[in-house]
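[1] starting from these lines, generate the structure:
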Amino acid sequence: MMTQVENTQVVSTIFRVWSHFYDNALPQQLFYRRVHRRIVRRWQPQSGERVLDVGCGTGIFLKSLAADHAGLELTGLDLSEPMLAQARRGVTSGPSEPPRFVQGSVYQMPFADGAFDVALNTISCHFYLEQVRAFREIARVLRPGGRLFCAAMTYGLTGRGASLSKVAHYNSVDTLSRHFEEAGLEVAGIERMVPAVALFEVVKR
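    Down below sits the predicted model:
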């Protein structure tokens, strides 16, 4: 079985290559931006909120939030420095200040307890082989009552899910819900967006 260190190395390599193609307009318009819009519709951003995008990639979601919503304090975290290098290009001011981008692991984030009001996680938690540990760390940096909006690739409603060469694991909706609960988070709602993607709204107890 692949260890977490080995998984991190493989995922880093994948995203180093992917960073050159990630911003391609077609997949962004057809898939990622649709997911982002659904999250925003459910979230309803409010001025003054401190927002963390975990697995922010090239920062497209955070940049759109800065351009469209006032008074947000935006931070992106990603494991891949090449992704973050892309994110830091072309950052401009809007109704919100430009996002800041930080390199780091979801398992040990360089932020204080309760540092954020809202966390976002878009199509990346299938790379967390230690998913409960990752969700527990996200819970740590959320304030009590803070919310996580997690758009997740899923594999069915129940069951054991499916693995991709030990690099990623696609859990069922039930398994993901249980992992959130085990991490000290409460599932407040679940939306099916497309057959393989579910949006979880999760609250820190």
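[2] any idea how far stretch 75-88 is from the chain center?
    Chain-centre distance of stretch 75-88: 13 Å, with C-alpha atoms, centre = their mean, to the nearest Å.
[3] mind checking the pLDDT average for that stretch?
    Mean pLDDT, computed over stretch 75-88, is 94.
[4] so which bits of that stretch are buried?
    75-80, 82-84, 86-87 (16 or more other C-beta atoms under 10 Å). Backbone N, C-alpha and C define where each C-beta goes, glycine included.
[5] can you pull out the strands in this structure?
    50-54, 73-78, 100-103, 116-122, 142-153, 162-164, 168-170, 185-194, 197-204 (DSSP state E).
[6] and for the second one, what are the contacting residues?
    The one in question is strand 73-78. Strand 73-78 is touched from outside by 15, 48-57, 59, 62, 65-66, 84, 87, 96-104, 106, 109, 111, 116, with contacts defined as C-beta atoms under 8 Å, 6 or more residues apart in numbering.
[7] swap in 7 Å and give it another go.
    Strand 73-78 has contacts (C-beta atoms under 7 Å, 6 or more residues apart in numbering) with 50-57, 59, 62, 65-66, 84, 87, 96, 99-104, 109.
[8] need the strands of the chain in CSV (columns: distance to Ser177).
    CSV is the format used below for the strands of the chain (distance: least, C-beta to C-beta, whole Å):
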stretch, distance to Ser177
strand 50-54, 18
strand 73-78, 24
strand 100-103, 29
strand 116-122, 15
strand 142-153, 10
strand 162-164, 17
strand 168-170, 14
strand 185-194, 5
strand 197-204, 7
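[9] Thr92 - how many residues pack around it?
    Using other C-beta atoms under 10 Å, Thr92 is surrounded by 8 other residues.
[10] over to Ile123?
    16.
[11] check whether Val132 really touches His179, as I assumed.
    Yes. In this structure, Val132 is within contact of His179 by C-beta atoms under 7 Å, at 5.0 Å.
[12] those two: which has the busier surroundings?
    Higher neighbour count among Val132 and His179: His179, with 19 against 15, using other C-beta under 10 Å.
[13] among the contacts of strand 73-78, name the buried ones.
    By 16+ other C-beta under 10 Å, these give 50-57, 59, 62, 65-66, 84, 87, 96, 99, 101, 109 as buried.
[14] and Tyr128, which of the strands of the chain is closest to it?
    strand 168-170 (8.2 Å; C-beta to C-beta).
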